[in-house]
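Asker: Sequence and predicted structure below; questions after.
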4 protein chains.
Amino acid sequence: MNIADLQARLRAFAAERRWEPYQTPKNLAMAMVVEAAELVEIFQWKTAEESLALDEATRVHLGEEIADVMLYLLQIADHCQVDMAAAVERKLALNAKKYPPLASGSGD
Amino acid sequence: MNIADLQARLRAFAAERRWEPYQTPKNLAMAMVVEAAELVEIFQWKTAEESLALDEATRVHLGEEIADVMLYLLQIADHCQVDMAAAVERKLALNAKKYPPLASGSGD
Amino acid sequence: MNIADLQARLRAFAAERRWEPYQTPKNLAMAMVVEAAELVEIFQWKTAEESLALDEATRVHLGEEIADVMLYLLQIADHCQVDMAAAVERKLALNAKKYPPLASGSGD
Amino acid sequence: MNIADLQARLRAFAAERRWEPYQTPKNLAMAMVVEAAELVEIFQWKTAEESLALDEATRVHLGEEIADVMLYLLQIADHCQVDMAAAVERKLALNAKKYPPLASGSGD
C-alpha cells in the first residue's frame, strides 16, 4: 500500500468536490470514529466464534468498513503531517518494550 | 507500508505473548474503536483552527493513536481474510461513483 | 425519569423477543458505542456554531440517538447491578474534587 | 433521576470553571463517544461470561464510565433543547413498532 499516493488521491478527491473546508483534522477524527463504530456494529451481536467465521457477504461489508476507517486515518495523518509508516514502526517498538514476550518454555 | 509483513509480525507478536485466545475479530473490533476514540480525544476541546495547528508533542501523540488504530485494522483484516489494499481500492471506486465530482468551472 | 421502571420495561421488551442470550454486558457495550457514534455523526461536518443551531428535524434525530445511547446505558447498568443514579452522584462529587472551581473575582 | 436538576447543576459546574466556550454540542458529542469507548474498554478482552460476572472493583469502574456517558448525554440534550425523557419514551414506542414481539407460545 503506497501511503503517499493514496493521500494524494484523497486530497484530489476532496478538492474536486470542494470538501476542503469540511476536512479539518477535528472533523476527520469524528468521521473516523463513526466508521470505526460501523465496523464494531458488524460484530455486536455475534459470538466470539461467529466473529471468526464470517460469510462472504459479511466479509465484503467488513472490507468496506476497514477501508473507510483506513481512508480517514490516511487523511488525518496527511493533514497533520504525521508519517504513518514511521508512526506504526515506532508503536511496534514501544509495544515490544511495554509487553515483553513470555520466556520460551515457560509453562502455565 | 507492507501490509502482509506487518500482519505477520503482529501474529508473531501475539503468539509470543500467548494472546491468540483474546484476539477474536469481535475483541479486536472493540479494541480498535477504543483506540479510535483516544484519537478523537486529542481533538475534543480544540477548535477547528487549533486542530490544524498541532504542536510537536501532540503530533507525536496523534501518531501513536493513528498507529494503534492501524495495527488493529491490520489484525482484523488478517484474521478475517480481508485483502486490505483491495478493499481500499474498491472503496475509492465506490466513493467516486457515489459522489460525482463537481463540474469544473461551475460557480456557486 | 424512573430508572428502575425503564429497566424493567427493557427487560420485558427483550424477553418478549427472546433477545436475552444476545444481551450480555459485552454486547450491550458494543451496541452502546455504535449508537454513541451515530450521535457523533450528526455533528461531524457541522461547525461549532451550526451545532448550536440545529433545525427541528435534526433535533428530532438527535433525540433518537440520545435515547438509543440512554437505553443501552440503562440495560448495562441493570445487567451489571450498577445503581445508575448513585453512580452519577458519585461521579459529580469526584469531578468537583478533580476540577476545583475558579476563585470568584479571579481575572484572566 | 431528576433530569432538569442534573442539567442545571452541570450548567453551574461548567460556568464556575468558565468551560462554556468549550461546551458546544459538537465538542460534547466527541467527549461523550470518548467516554462510551472507555466503557467498551472494560469489556474488550472479556468473554461474554466474564462480562456477566464483574468483580466489585470493575463494577465501580463501570459505574464511573456509565456516569460519564450519562453526564455528557444530559448536557447535549440540555444544550440542544431535547427533552430527554420524552425522547426515551418516543424511542421505546418506535422500537415496539419496529420489532414486534414474538407470538406467545411460538416454538422454534
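Answerer: Right, received. Where do you want to start?
Asker: what helices or strands is the lengthiest helix in chain A leaning on?
Answerer: Ranked by residue count, the top helix of chain A under DSSP state H comes out as helix A:56-79. The contact analysis (3 or more C-beta pairs under 8 Å, 6 or more residues apart in numbering or on different chains; DSSP states H and E) places helix A:56-79 against helix A:3-16, helix A:25-43, helix A:84-98, helix B:25-43, helix B:56-79, helix B:84-98. Any C-beta I mention is one placed from the backbone N, CA and C, and that applies to glycine too.
Asker: export these to a markdown table and tack on mean pLDDT?
Answerer: Shown next, in a markdown table, are the helices and strands packed on helix A:56-79 (pLDDT from 0 to 100):
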| stretch | mean pLDDT |
| --- | --- |
| helix A:3-16 | 97 |
| helix A:25-43 | 98 |
| helix A:84-98 | 97 |
| helix B:25-43 | 98 |
| helix B:56-79 | 98 |
| helix B:84-98 | 97 |
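Asker: Would you mind putting these into TSV with distance to C:Glu89 and mean neighbour count alongside?
Answerer: Formatted as TSV, the helices and strands packed on helix A:56-79 follow (distance: least, C-beta to C-beta, whole Å; neighbours: other C-beta atoms under 10 Å in any protein chain shown):
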stretch	distance to C:Glu89	mean neighbour count
helix A:3-16	46	15
helix A:25-43	29	25
helix A:84-98	36	15
helix B:25-43	25	25
helix B:56-79	32	21
helix B:84-98	46	15
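Asker: among these, which is nearest C:Pro101?
Answerer: Nearest to C:Pro101, of all these, is helix B:25-43, at 23.7 Å by C-beta to C-beta.
Asker: between the closest one and helix D:25-43, how big is the angle?
Answerer: Taking axes from the mean of the first three to the mean of the last three C-alpha atoms, to 10 degrees, one finds helix B:25-43 and helix D:25-43 inclined to each other by 140 degrees.
Asker: does helix B:25-43 come close to chain A?
Answerer: Yes - using C-beta under 8 Å from any C-beta of the partner chain, helix B:25-43 reaches chain A at B:25-27, B:29-30, B:32-33, B:36-37, B:39-40, B:42-43.
Asker: Next secondary structure element downstream of that helix?
Answerer: Following helix B:25-43 in sequence order, the next helix or strand is helix B:48-51 (DSSP states H and E).
Asker: ok, that following helix near chain C or not?
Answerer: Yes - Helix B:48-51 lies within reach of chain C by C-beta under 8 Å from any C-beta, at B:Ala48.
Asker: Distance check, the residue nearest to the spatial centre of chain A against B:Cys80.
Answerer: The C-alpha lying nearest the average C-alpha coordinate of chain A belongs to A:Met70 (C-alpha atoms, centre = their mean; 3.9 Å). According to C-beta to C-beta, to the nearest Å, A:Met70 stands 14 Å off from B:Cys80.
Asker: Would you mind measuring from the residue of chain A found nearest chain D to B:Leu39?
Answerer: Nearest residue of chain A to chain D: A:Val33, at 5.9 Å (C-beta to the nearest C-beta). Counting by C-beta to C-beta, the separation of A:Val33 from B:Leu39 is 7 Å.
Asker: can you pull the contacts of the one residue in chain A that gets nearest to chain C?
Answerer: Going by C-beta to the nearest C-beta, chain C is nearest to A:Ala37 of chain A, at 3.2 Å. With contact taken as C-beta atoms under 8 Å, 6 or more residues apart in numbering or on different chains, A:Ala37 is in contact with B:Val33, B:Ala36, C:Val33, C:Val34, C:Ala36, C:Ala37, C:Glu38, D:Val33.
Asker: Skipping adjacent residues, who's closest to A:Ala48 in space?
Answerer: B:Thr24 (4.3 Å; C-beta to C-beta, 6 or more residues apart in numbering or on different chains).
Asker: so the one you found makes contact with A:Leu52?
Answerer: Yes - judged on C-beta atoms under 8 Å, B:Thr24 makes contact with A:Leu52 at a distance of 5.9 Å.
Asker: Common neighbours of these two, please.
Answerer: B:His79.
Asker: Compare these two (neighbour count), which wins?
Answerer: B:Thr24 (22 against 14; other C-beta atoms under 10 Å in any protein chain shown).
Asker: Which pLDDT value does the model give the more buried one?
Answerer: For B:Thr24, the pLDDT comes out at 97.
Asker: Can you give me every residue that contacts it?
Answerer: A:Ala48, A:Ser51, A:Leu52, B:His79.
Asker: switch to 7 Å and redo it
Answerer: For B:Thr24, the contact set (C-beta atoms under 7 Å, 6 or more residues apart in numbering or on different chains) comprises A:Ala48, A:Ser51, A:Leu52.
Asker: now A:Pro21: how far from C:Thr47?
Answerer: 9 Å.
Asker: quick one, which of these two is more surrounded?
Answerer: C:Thr47 (17 against 11).
Asker: Run a quick check on A:Arg17 versus B:Tyr99, I expect a contact.
Answerer: Yes - counting by C-beta atoms under 7 Å, A:Arg17 touches B:Tyr99, with 5.9 Å between them.
Asker: about what we covered before: the longest helix of chain A vs helix A:3-16, what angle?
Answerer: Using the same axes, to 10 degrees: helix A:56-79 against helix A:3-16 is 90 degrees.
Asker: Alongside chain C, which residues does chain A contribute?
Answerer: A:Tyr22, A:Asn27, A:Met30, A:Ala31, A:Val33, A:Val34, A:Ala37, A:Val40, A:Glu41, A:Phe43, A:Gln44, A:Trp45 (C-beta under 7 Å from any C-beta of the partner chain).
Asker: do that again at 6 Å, thanks
Answerer: A:Tyr22, A:Asn27, A:Met30, A:Ala31, A:Val33, A:Val34, A:Ala37, A:Val40, A:Glu41, A:Gln44, A:Trp45 (C-beta under 6 Å from any C-beta of the partner chain).
Asker: Could you measure from the fourth one over to A:Met1?
Answerer: With the distance defined as C-beta to C-beta, A:Ala31 ends up 20 Å from A:Met1.
Asker: And for the last one?
Answerer: In this view, A:Trp45 and A:Met1 are 31 Å apart by C-beta to C-beta.
Asker: Contact partners for the nearest residue to A:Ala36 once chain neighbours are set aside?
Answerer: Nearest residue to A:Ala36 in three dimensions, chain neighbours excluded: B:Ala36, at 3.8 Å (C-beta to C-beta, 6+ apart). By C-beta atoms under 6 Å, 6 or more residues apart in numbering or on different chains, the contact list for B:Ala36 reads A:Val33, A:Ala36, B:Val69.
Asker: now A:Val82
Answerer: Each residue near A:Val82 by C-beta under 6 Å, 6+ apart is listed here: B:Leu62, B:Gly63, B:Ile66.
Asker: Which pLDDT does the model give it?
Answerer: According to the prediction, A:Val82 has pLDDT 98.
Asker: That concludes my questions; thank you for your assistance.
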